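> show me the folded form of this:
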Amino acid sequence: MDSPSADTPPPIETYGSDDESDSSTVFNALVGAAVGIVLSFVPGSTVIGGAVAGYLEGGEPADGVPVGALAGFIMFLPVVLFGFFGMALFVGPAGGGGFGVFGILFLVVFGGLYTVGLSILGAVVGIFLKNDL
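Got it, this is the predicted structure:
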């Protein structure tokens, strides 16, 4: 015999929503980026910020890649802004056109790889630590 509750679906509160996971990923990346920016005077602050973002995100180690990349990109924005300001201050708007273009290219490519890459590494380590601790 079937009971009357057998045909009743579970309550709405138990259903998952993709919007919630996306917003928490962005929030976790913002928190991790804030930690990385505040600790920017410490060597490896991008790894620490990524680890915080990954620890907050949880899940599988592969889930650390998007949150770490987003946190690293957010941490990279002040580097670019201060880099442009410093180059404009020391090189000047009209001086050394070739050096300015090369410097900007170097800053964006290698700085981005450094910041985003180490943040992804930190996020994967943070998720690993959360799962094993």
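
> which element is the residue nearest the centre of the chain on?
Closest to where the C-alpha atoms of the chain average out (Cα atoms, centre = their mean) is Ala71, at 1.4 Å. Under the criterion of DSSP states H and E, Ala71 resides in helix 64-90.

> check which residues of that helix are buried.
Residues 64, 66-72, 74-76, 79, 83, 87 are the ones in helix 64-90 that count as buried (16 or more other Cβ atoms under 10 Å). Bear in mind the C-beta positions are built from the backbone N, C-alpha and C, glycine included.

> what do you get for stretch 53-65?
Residues of stretch 53-65 classed as buried by neighbour count (16+ other Cβ under 10 Å): 53-57, 63-64.

> how near is Leu81 to Val47?
Distance, Leu81 to Val47, using Cβ to Cβ, to the nearest Å: 22 Å.

> mind listing the helices for the protein?
Assigned by DSSP state H, the helices in the chain fall at 18-38, 45-57, 64-90, 97-132.

> name the helices or strands packed onto the shortest one?
For helix 45-57, the helices and strands in contact under the criterion 3 or more Cβ pairs under 8 Å, 6 or more residues apart in numbering; DSSP states H and E are helix 18-38, helix 64-90, helix 97-132.

> those into CSV, with extra columns for mean pLDDT and distance to Pro9?
Written out in CSV, the entries for the helices and strands packed on helix 45-57 read as follows (pLDDT from 0 to 100; distance: least, Cβ to Cβ, whole Å):
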stretch, mean pLDDT, distance to Pro9
helix 18-38, 82, 19
helix 64-90, 87, 31
helix 97-132, 86, 32
